[in-house]
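> For reference, the sequence and a predicted model appear below.
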Amino acid sequence: MITLYAFGSAFGLPDVSPFVTKVETLLKMADLEFAVDTSGFNKAPKGKLPYIDDDGERIADSTFIGWHLEKKYGVDFDKGLDDEQRAVAWAFEKMLEDHTYWTVLHSRWVDDANFAAGMAQFFERIPLPMRLIVPRMARRQIKAELRGQGMGRHAQEEIVALGKQSLDAAAAFLAGKPYMMGDEPTGLDATAFAFFAGALCPLFETPLREAAERHANLKAYVGHMAGRYYPDHTEIARWAA
Ligand SMILES: N[C@@H](CCC(=O)N[C@@H](CS)C(=O)NCC(=O)O)C(=O)O
């Protein structure tokens, strides 16, 4: 039995974390049965979500989870791709996860209005008295991580310009195709869907959302990925319309 440790659905997104959504989508792509548990953050092996428990084996980090599923269940998320295409898929995946991610994180956590509308509301789920302490602590920690990674040292307009460049690049690469790598979904689509849906989330007032909304193909892609893997999440389909 596989258990996916997640934060939980919010803001109309399957999960607040794009990395959790990525893993959930990979599990759906692999047609594997799994349960979602939103109470595992305190026991996360690497202090982050997602991680999974697969019959007693714990695997942390979305990339290692993907590799584990491929190895244990004989899945190839990049089936049909040649070596060059696999290299391109890897590069796009890591652009979104290790670069674009920080621009999205900045827009959700540093901007006061977005924090109040988003994460501050999410933390309302935490029981008292932790609810009074955790949001401020978490925000301070995220700001420190943004600074440590380097993105947080840039001016707001510079961060937006970097995020926009990634979204434009992804939309240009997607042009004329139903999925990122062609006619069939591959592992990259789990990441791309998670990040594009997060960027399009209307709750957050950010130039990154405007940049994503300008790409009709990116919106349509989020719509048909949601229809295929999250038919019950009708809100995403609305943003994509
Ligand atoms: N490289 C990790 C990234 C996971 C990650 O950054 N998770 C964030 C949420 S989006 C997290 O758990 N943050 C909590 C923290 O840093 O305290 C993966 O691919 O799974």
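Received, thanks.

> C-alpha coordinates for stretch 80-87, PDB please?
What follows is stretch 80-87, C-alpha atoms only, in PDB (Å, rounded to 0.1, in the frame of the first residue of the first chain):
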ATOM      1  CA  GLY A  80       8.800   6.500 -26.100                       C
ATOM      2  CA  LEU A  81      11.400   9.300 -25.600                       C
ATOM      3  CA  ASP A  82      14.900   9.000 -27.100                       C
ATOM      4  CA  ASP A  83      18.000  10.100 -25.100                       C
ATOM      5  CA  GLU A  84      17.900  13.600 -26.400                       C
ATOM      6  CA  GLN A  85      14.200  14.000 -25.600                       C
ATOM      7  CA  ARG A  86      14.900  12.600 -22.100                       C
ATOM      8  CA  ALA A  87      17.600  15.100 -21.600                       C
END
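
> And the contacts of it?
Stretch 80-87 is touched from outside by 78, 89, 181-182, 184, 186, with contacts defined as CB atoms under 8 Å, 6 or more residues apart in numbering. Yep, even glycine has a C-beta here, placed from its N, CA and C like the rest.

> Can you show me the helices along the protein?
Taking DSSP state H, the helices of the chain run over residues 18-29, 62-73, 83-95, 101-109, 112-117, 119-122, 130-149, 156-174, 187-200, 207-213, 216-229, 234-240.

> what's the closest of the ones you listed to Phe11?
Taking CB to CB, helix 119-122 is the member of the helices of the chain nearest to Phe11, at 7.8 Å.

> touching the ligand at all, stretch 24-35?
No. No part of stretch 24-35 sits near the ligand under the criterion CB under 6 Å from any ligand atom; the closest distance found is 11.2 Å.

> now that stretch: mean pLDDT?
For stretch 24-35, mean pLDDT is 98.

> how long is that stretch from one end to the other?
Using CA to CA, to the nearest Å, one end of stretch 24-35 lies 10 Å from the other.

> what residues does this protein put near the ligand?
Checking the chain against the ligand by CB under 6 Å from any ligand atom, the hits are 17, 19, 47-50, 61-63, 97.

> Go through those residues and name the one nearest Glu33.
When these are compared for distance to Glu33 (CB to CB), Pro50 wins out at 16.6 Å.

> so Asn217 sits right up against Phe173, yeah?
No. Here Asn217 does not reach Phe173: they are 10.1 Å apart, not a contact under CB atoms under 8 Å.

> per-domain residue ranges of this protein.
The chain breaks down by automatic domain parsing into domains covering 1-77, 81-241.
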